[in-house]
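*Asks:* what's the 3D shape of this:
(one chain, ligands or ions: 1)
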Amino acid sequence: MIRIAVCGAMGKMGKEVCQAVTDCPDTELTAKIDIASESMYHTIEEAHRVEDIDVLIDFTQPASIFENAKFCLNNGIKIVIGTTGLTDEQINELENLSKEKSTGCFIAPNFSTGAVLMMMFSKLAAKYFDNAEIVEFHHNQKKDAPSGTAIKTANLMAEAKSDFTKGNCPEKETIEGSRGGTSYSNIHIHSVRMPGYIASQEVILGSSGQIMTIRHDTMDRKCYMQGVLLAVKYVYNKNSFVYGLENIL
Ligand SMILES: NC(=O)c1ccc[n+]([C@@H]2O[C@H](COP(=O)([O-])OP(=O)(O)OC[C@H]3O[C@@H](n4cnc5c(N)ncnc54)[C@H](O)[C@@H]3O)[C@@H](O)[C@H]2O)c1
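*Replies:* Prediction:
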C-alpha cells in the first residue's frame with residue numbers, strides 16, 4: 001500500500017485527488033494538507049512529523065510548490081507535482097536534487113491521459129499530412145489564447161514536420177483573424193470561447209484525398225486522476241525524475 005499525502009486537499013483538484021487515492025486499492029490517504037483548512041495539516045513539515053508518507057501529491061499554487069518539493073526530496077518523500085508555474089530553472093534544480101537524493105519526482109503540466117495521447121498521436125501523424133489546423137474550445141473565463149495545450153501540440157507537430165500548408169493558394173483575409181493564428185510550421189490555431197466548454201481540442205490533418213481529425217474533450221476534473229495515479233505508482237516503484245506524462249505512456 002502506497003501511503004499518500006495530498007497538499008492542496010481543499011482545492012478543486014485536491015478534492016478529486018483525495019477521492020481517487022481513497023478509491024484506488026493500491027493507495028492509502030494518510031494526510032490531507034491545506035493552508036486554508038482548520039481540520040487539516042497546514043504544511044508538509046507538520047504532516048511529516050506525525051505521519052508516514054511515501055508520496056506527496058501537490059496541487060497548490062506556484063508560490064509554494066518549489067519549497068514543498070525541496071522539503072520532500074530532502075526528506076526522502078517522493079513527490080508528484082500537478083501545480084503549474086515552476087520555472088525552467090526550478091525544474092532543473094528539482095531534477096538535480098531528485099537525482100542527488102535518489103528520491104522520485106514526477107512533474108506534469110497536464111495529467112489528462114487523453115489530452116497527452118492526443119498530442120502524441122498528433123506528433124506521430126504529422127509527417128504523413130500536408131495541412132494541419134488546430135481548433136481549441138474553452139470556457140469563456142479563460143484569459144489566454146491560444147491554450148497552452150494547443151501551443152504544445154503545434155510545437156510537437158513542428159518537431160515532426162516543418163512545412164505544413166505548403167502549396168496552398170495565396171490567401172486574403174477579408175475579416176482579420178479568419179484563418180486563426182499561424183504558429184510553428186504554418187499550423188493555424190483557432191480559439192473558441194464559449195460558456196459550457198471545459199477544455200476540448202481538435203487537430204485536423206489533411207493530405208490529398210484524406211482528412212483525419214483527432215479530438216479530445218475534457219468532461220470534468222476526473223480526467224486527470226488516471227494520470228496522477230500512474231505517476232504515483234511510477235515514482236514509488238522507479239524512484240526517478242520524470243517531466244511530462246508522455247514519457248510513461
Ligand atoms: N497538471 C495538471 O494536469 C493540472 C490540472 C488542473 C490544475 N492544475 C494546477 O493545479 C493547481 C491547483 O489547481 P486548483 O484548480 O485545484 O486550485 P484551487 O485554488 O482550487 O486549489 C488550491 C488549493 O491549494 C491550497 N494551498 C495554496 N497554497 C498552499 C500551501 N502553501 N500549502 C498548502 N495548501 C495550499 C489552497 O488553500 C487551495 O485549497 C494549479 O497550479 C493548476 O494550474 C494542474
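
*Asks:* near the ligand, which residues of this structure?
*Replies:* Residues of the chain found near the ligand (CB under 6 Å from any ligand atom) are 7-8, 10-14, 33-36, 59-61, 64, 82-85, 108-111, 224. All C-beta spots, glycine's among them, are computed from the backbone N, C-alpha and C.

*Asks:* Report the buried members of these.
*Replies:* Among these, those classed as buried by 16 or more other CB atoms under 10 Å are 7-8, 10-11, 13-14, 33-34, 59-60, 64, 82-83, 108-111, 224.

*Asks:* Filter the residues of the chain next to the ligand down to the ones in helices?
*Replies:* Among the residues of the chain next to the ligand, the members falling in helices (DSSP state H) are 12, 13, 14, 64.

*Asks:* Return the per-residue confidence for the residue in the chain that the ligand sits nearest to.
*Replies:* In the chain, the residue that lies nearest the ligand is residue 11 (2.0 Å; CB to the nearest ligand atom). We have a pLDDT of 95 for residue 11.

*Asks:* likewise residue 238?
*Replies:* Per-residue pLDDT puts residue 238 at 92.

*Asks:* and if you look at residue 142?
*Replies:* The confidence metric pLDDT takes the value 86 at residue 142.

*Asks:* Torsion angles phi and psi at the residue nearest the centre of the chain?
*Replies:* Nearest to the geometric centre of the chain sits residue 110, at 0.8 Å (CA atoms, centre = their mean). The phi/psi pair for residue 110 (degrees, to the nearest 10) reads phi -140, psi 110.
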